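> Kindly generate the corresponding structure for this input.
(2 chains)
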Amino acid sequence: SQTIHQWPATLVQPVGSPLSLECTVEGTSNPNLYWYRQAAGRGLQLLFYSVGIGQISSEVPQNLSASRPQDRQFILSSKKLLLSDSGFYLCAWSVGFNEKLFFGSGTQLSVL
Amino acid sequence: AQKVTQAQTEISVVEKEDVTLDCVYETRDTTYYLFWYKQPPSGELVFLIRRNSFDEQNEISGRYSWNFQKSTSSFNFTITASQVVDSAVYFCALSEGSNSGYALNFGKGTSLLVTP
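This is a model prediction of the structure:
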């Protein structure tokens, strides 16, 4: 069966520090991968998506970047965090297009 | 422009009441897909339903039912005889053929509180 792992679950980082959130999927090949952010009291905002290794598309200009070094690994990074980067980050995967997304358990990031 | 609108920010009901969560969407595509997800306090999103634009039949799954009406671009979700465990944030989402990676475009969610 397919599973998605996302870590860490919570993270507190000072402003200006770097960030690396990792997501891995097991039990499937060539998934579409997504990073969403949920700010407090708001909906889910698509940040990045990837349809293959090394293929990253950005939806929102921001302080963040994403990489897909392996087929089932998706990494969200930042060189210098801003206060506005605080939020709940969710990784998701799907097989094919217009299919349902399977979400990870999320990372609560607090930038202080 | 917001493609999925969930006008109800918060709803509070007493257990056993029926409750309907509204979802209005906007698209120019003839082929699209609509979804509902549940986000309990734990934070993980739980898939509830996926419906394509060519299937307007209403669907019922236990206490859950969905009313899809293309004429009003709505995909409403009803919980019958609500229970405390239904308390969560519910998201409606749209996936179109023309958008980014066919990713789901979410509404801002409706927070449902069911009290005993």
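> Roughly how far does the residue lying closest to A:Ser17 once chain neighbours are set aside sit from B:Cys92?
Closest residue to A:Ser17 apart from its sequence neighbours, by CB to CB, 6 or more residues apart in numbering or on different chains: A:Leu81 at 5.5 Å. The way it works is simple: take the backbone N, C-alpha and C, and place the C-beta from them, glycine included. Counting by CB to CB, to the nearest Å, the separation of A:Leu81 from B:Cys92 is 31 Å.
> More neighbours: those two, which one.
B:Cys92 (31 against 21; other CB atoms under 10 Å in any protein chain shown).
> Which residues does the more buried one form beta bridges with?
B:Trp36 (DSSP bridges).
> Just to check, it is in contact with B:Tyr33?
No. The criterion here is CB atoms under 8 Å, and B:Cys92 misses it with B:Tyr33 at 11.6 Å.
> Residues of chain A that sit close to chain B?
Counting by CB under 8 Å from any CB of the partner chain, chain A comes close to chain B at A:32, A:34, A:36, A:42-46, A:49-51, A:57, A:59, A:88, A:90, A:92, A:94, A:97-106, A:108.
> Going through the residues you listed, which ones are buried?
A:32, A:34, A:36, A:43-46, A:49-50, A:59, A:88, A:90, A:92, A:94, A:98-104, A:106 (16 or more other CB atoms under 10 Å in any protein chain shown).
> and chain B, which of its residues are near chain A?
Going by CB under 8 Å from any CB, the residues of chain B near chain A are B:6, B:32-33, B:35, B:42-45, B:47, B:50, B:52, B:91, B:95-97, B:100-109.
> For PyMOL, what selects the buried ones among those?
A single PyMOL command is used to select the members of the residues of chain B next to chain A judged buried by 16+ other CB under 10 Å:
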select buried, chain B and resi 6+32+33+35+43+44+45+50+91+95+96+101+102+103+104+105+106+107+108+109
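> From the residues of chain B next to chain A, which land in strands?
B:Tyr32, B:Tyr33, B:Phe35, B:Phe47, B:Arg50, B:Asn52, B:Phe91, B:Ser95, B:Glu96, B:Asn105, B:Phe106 (DSSP state E).
> I'd like those residues as a markdown table, with distance to B:Val14 appended.
As requested, those are exported to a markdown table (distance: CB to CB, whole Å):
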| residue | distance to B:Val14 |
| --- | --- |
| B:Tyr32 | 36 |
| B:Tyr33 | 34 |
| B:Phe35 | 28 |
| B:Phe47 | 27 |
| B:Arg50 | 30 |
| B:Asn52 | 35 |
| B:Phe91 | 23 |
| B:Ser95 | 35 |
| B:Glu96 | 38 |
| B:Asn105 | 33 |
| B:Phe106 | 28 |
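> could you dump whichever strand or helix holds A:Tyr36 to CSV, C-alpha only?
Using DSSP states H and E, A:Tyr36 sits within strand A:32-38. What follows is strand A:32-38 as a C-alpha-only set of coordinates in CSV (Å, rounded to 0.1, in the frame of the first residue of the first chain):
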residue,chain,number,x,y,z
ASN,A,32,2.8,13.9,-8.9
LEU,A,33,4.0,15.7,-5.8
TYR,A,34,2.7,18.9,-4.3
TRP,A,35,3.5,21.3,-1.5
TYR,A,36,0.7,23.3,0.0
ARG,A,37,0.7,25.8,2.8
GLN,A,38,-2.1,26.6,5.2
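> For it, what is the distance to the chain centroid?
5 Å (CA atoms, centre = their mean, to the nearest Å).
> and B:Ala7, what does it touch?
B:Ala7 is in contact with B:Asp22, B:Val24, counting by CB atoms under 8 Å, 6 or more residues apart in numbering or on different chains.
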